[in-house]
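**Q** Turn this into a structure:
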Amino acid sequence: MAYMRNVKTLLAALVAAVLIMPLAACGTTDRTDADPDIARSYDVSHIQKDEKIAAMLPESVTKDGRLSVGVNVTYAPAEFLASDGKTPVGYEIDLDKALARVFGLDLDIENATFDTIIPSVGSKYDIGVSGFTVNRERMDAVDFVTYAKAGLTFAVRKGNPTHADPKRLCGTRVAVQVGVVAETEMYKAQDACKAAGEERIEILPYRNQTDVTTALIAGRVDLMYADTPVSGYAVAQTDGQLDTLGENEGVQPMGVAVKKGDAQTVKAVEAALNKLMADGTYQAIMKTWGVENVMIDKPEVNPKVDA
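**A** This is a model prediction of the structure:
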């Protein structure tokens, strides 16, 4: 998962803008003193095209001079709309900008619901970058090049007024985003409650992470479950209304989704990420957004995963 200075104002802006597609994102810089979210973004204007890496890309990607990236812009701090309600920002957005600069392409950020992105990679989008946890099911559909790792963490309202316990979820209400690993894990937990003859978990799935967070703040659920950086960022940006609860669970790699079998694009993305890691750009982007804990040492293609 997007809250900065004023949660209500931003949510209203998100509702108005979430269906706008594509969302403009230039390959140089979107910084401005007028918007603190945009001003925080990492300035990629110094990154030069790498001719050798750019030549790795197939014509299917380069022919229009643009790198189209499928994202769901409700997943702060990875990608979300700035306070102006229209500009995509976040650490994955900055990585997208950096990749486009290395490739010498203009960047198109294409906003979509999370669960529709992977099926459209290679047709509607050149790549997908939207907090995708790498798992076997997704690797059946696309190839991945990793750029981060993250687990899952619960969040509750401040003080945990319903006394929710991650180790005793049966009978609780949990909000999740549709299509993410957290949703899958909650349905597994729901099945476990049923098998044990206990009260079922009431799962409330939402298309956008902003709606998940809002449901928790409003008291419609006892907990929300999301990627660790998303839960942590929601806590940090909601003026003390939320707390994380329990441990960071099930750390798994996160990856750039590429059309299955498109070895050229896979190699180009891997080479570009290696370059950004070697010159310190990758680390600077992650530090800008306070997510150093998700950094990796080097990208991997289709890594081995547990499930």
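**Q** buried sites along stretch 104-114?
**A** 104-112, 114 (16 or more other C-beta atoms under 10 Å). For the C-beta atoms, the positions are set from N, CA and C on the backbone; glycine is no exception.
**Q** list the contacts for the most centrally placed residue in the chain?
**A** The residue lying closest to the centre of the chain (C-alpha atoms, centre = their mean) is Gly131, at 3.0 Å. Counting by C-beta atoms under 8 Å, 6 or more residues apart in numbering, Gly131 touches 75, 78-79, 92, 150, 180, 227, 230, 254.
**Q** could you measure it against Ala226, distance?
**A** 9 Å (C-beta to C-beta, to the nearest Å).
**Q** Quick check: neighbours shared by the two?
**A** Val180.
**Q** Quick one: the strands in the stretch 151-300 of the chain, in order.
**A** Residue ranges of the strands in the stretch 151-300 of the chain, as given by DSSP state E, counting those that start in this stretch, are 173-177, 202-206, 223-227, 242-259.
**Q** Quick one: closest of those strands to Arg136.
**A** strand 242-259 (11.0 Å; C-beta to C-beta).
**Q** Average pLDDT for that closest one, rounded please.
**A** Mean per-residue pLDDT for strand 242-259: 93.
**Q** how far is it from where the chain is centred?
**A** Taking C-alpha atoms, centre = their mean, to the nearest Å, the mean C-alpha location of strand 242-259 is offset from the chain mean by 9 Å.
**Q** Quick one: the helices in the stretch 201-307 of the chain, in order.
**A** Along the stretch 201-307 of the chain, the stretches classed as helices by DSSP state H, counting those that start in this stretch are 209-217, 228-236, 263-278, 281-288.
**Q** Ile109 belongs to a strand?
**A** Yes. Using DSSP: H, G, I helix; E, B strand; the rest coil, the secondary structure at Ile109 is a strand.
**Q** partner residues bridging it?
**A** When bridges are called by DSSP bridges, Ile109 pairs up with Leu23, Val69.
**Q** ok, now how distant is it from Ser41?
**A** 12 Å.
**Q** for Lys167, same thing?
**A** Using C-beta to C-beta, Lys167 is found at 39 Å from Ser41.
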